[in-house]
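> Got a sequence here, can you model it:
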Amino acid sequence: MTFAVRLLALLCAALAVLPAAAAPKQKRLPGHEFAVIGHTFTAGGSEAQREQAVARTRRPGLDFVLVTGIKGSKEPCTDELYTRRRDMLDDPLHPVVVLPAASDWSACRNSAGKSAAIERLNRLRELLYEDQNGHGVVLPTFSRLSTNTRYRSYAENAEWMVGSVLYATINLPADNNHYRPEAGRNSEFEDRAVANRFWLTKLFAQAKRKKATAIVLFSEGDVNILTDEPGILARLGRSQLAMDGYAGVRRQVLGLAKKFNGKVLLIDTAPVPNGTEPAILWKDNIGHVSVGNRTMHVKVMPGAEQLFRLDEL
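Reported below is the predicted structural model:
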């Protein structure tokens, strides 16, 4: 064996025992946390319960707090009550985003006993959203649908970014999206449906443009995003409801989610069965969880196998 051949063999042997170069670690984006206060005024909830729920969220580390509903369906629809509950939510530590619930306005009546639902919803918007940035500390990327002159009434629909996640509220009331089976009673439902279609299209387009890793949608009503259409009809009962008020929203979200590369998580405050802990269920890239009247803490960890981790406060 020549000297050159022996030298080459020794070099190959030396290279074989050298440790393999470590693969570059993928940079993980910083995580964040938020809290969701469910609709504590349902099922006999009280103002004291809401105060306790709010107190549990007043702790360091949360990027924002989402609140659904400020009164029960049997409580008066007065400005005084609306204002008192609004002031209860002011938080010096965190931004607080408030989403109205059906019980805040849909069953309200005037002194003559006639429906005052639309008038009360509009008044609620004035009182809750007179400050366009919400309550307390301001979210730097916060904006409302009402900045669009065509949809200036819909201040409850808001969106903001935290890290790589786009968050948004959408007004979908719990009482079948406030769809009324009586003829000529659906102007509010129909107008809001147009605004919500525009809003959802805008949100998904913005998420793609900003390369968001996920979209989180907050609502009161459960749109049954993971349930097939026949199953929904069976659950609702054909004889009880002439129409599924969430059908249009559900189909739009499903269609938009198919074209979105990230996760889409829907969080609502629909009731949770007794003895059941809220848990996120996933189908493809769409997730859903109902929190009922509980106060939940969500930790968001971009790049981790479990993007959203849920626990009760």
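
> Quick check: which element contains the closest residue to Ala107 other than its chain neighbours?
Nearest non-adjacent residue to Ala107, counting by Cβ to Cβ, 6 or more residues apart in numbering: Ser73, 5.2 Å away. Glycine gets a C-beta too; all of them are placed from N, C-alpha and C. With elements taken from DSSP states H and E, nothing contains Ser73; it lies in neither a helix nor a strand.

> Hmm, Ser73 is touching Ser103, no?
Yes. Assessed by Cβ atoms under 8 Å, Ser73 is found in contact with Ser103 at 3.9 Å.

> neighbour-wise, which of these two wins?
Comparing Ser73 with Ser103 by other Cβ atoms under 10 Å, the one with more neighbours is Ser103, at 23 against 17.

> per-residue pLDDT, the more buried one?
Listed pLDDT for Ser103 reads 94.

> what does the one 3 residues further on give?
Here the pLDDT value assigned to Ser106 is 94.

> Can you pull the phi/psi pair for Gly38?
Gly38 adopts backbone torsions of phi -70, psi -180, taken as degrees, to the nearest 10.

> Which parts of the stretch 151-300 of the chain are helices?
Shown for the stretch 151-300 of the chain, the helices assigned by DSSP state H, counting those that start in this stretch span residues 187-209, 229-236, 247-258.

> so where's the stretch 101-250 of the chain uncertain?
Scanning the stretch 101-250 of the chain for pLDDT under 70 picks out the ranges 131-138, 183-184, 229-242.

> Pull the residues that contact stretch 175-191.
102, 106, 117-118, 121, 192, 221, 236, 241-246, 249 (Cβ atoms under 8 Å, 6 or more residues apart in numbering).

> Show me the beta-bridge partners of the most centrally placed residue in the chain.
In the chain, the centroid-proximal residue (Cα atoms, centre = their mean) is Phe218; its distance is 1.7 Å. For Phe218, the beta-bridge partners under DSSP bridges are Thr169, Ile267.

> Trp282 too?
Gly287.

> That one: neighbour count?
Neighbour number of Trp282 under other Cβ under 10 Å is 15.

> can you check Asp284 too?
11.

> which residues does it contact?
Ala257.

> now Leu217, nearest residue through space, not along the chain?
Leu266 (5.0 Å).

> so that neighbour sits right up against Asn224, yeah?
No. Contact between Leu266 and Asn224 fails when scored by Cβ under 8 Å: they sit 9.9 Å apart.

> if you count what's nearby, which of these two comes out ahead?
Shown here are Leu266 and Asn224; by other Cβ under 10 Å, Leu266 has more neighbours (26 against 19).

> related to what we said a few turns ago, and the buried ones among the contacts of stretch 175-191, selectable in ChimeraX?
The buried residues among those can be selected in ChimeraX (16 or more other Cβ atoms under 10 Å) with this line:
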select :102,106,117,121,192,221,236,244,245,246,249
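
> what are the ranges of the strands in the stretch 101-250 of the chain?
For the stretch 101-250 of the chain, the strands defined by DSSP state E, counting those that start in this stretch occupy 135-136, 143-144, 158-162, 165-169, 214-218.

> Tell me the helices and strands packed up against the fourth one.
Based on contacts counted as 3 or more Cβ pairs under 8 Å, 6 or more residues apart in numbering; DSSP states H and E, the elements that strand 165-169 packs against are strand 158-162, helix 187-209, strand 214-218.

> residues making contact with it?
Residues contacting strand 165-169 (Cβ under 8 Å, 6+ apart): 32, 34, 64, 66, 97, 99, 156-161, 199, 203, 206-207, 210, 212-219, 300, 302.

> can you count the residues close to Thr201?
Thr201: 12 neighbours (other Cβ under 10 Å).

> ok, for it, nearest residue in space, not its chain neighbours?
Thr201 sits nearest to Leu256 (Cβ to Cβ, 6+ apart), 7.3 Å away.

> Which residues are in contact with the one you found?
Shown in contact with Leu256 (Cβ under 8 Å, 6+ apart): Leu200, Thr201, Phe204, Val264.

> Using neighbour counts, trim those to the buried set.
Judged by 16+ other Cβ under 10 Å, buried ones among the contacts of Leu256: Leu200, Phe204, Val264.
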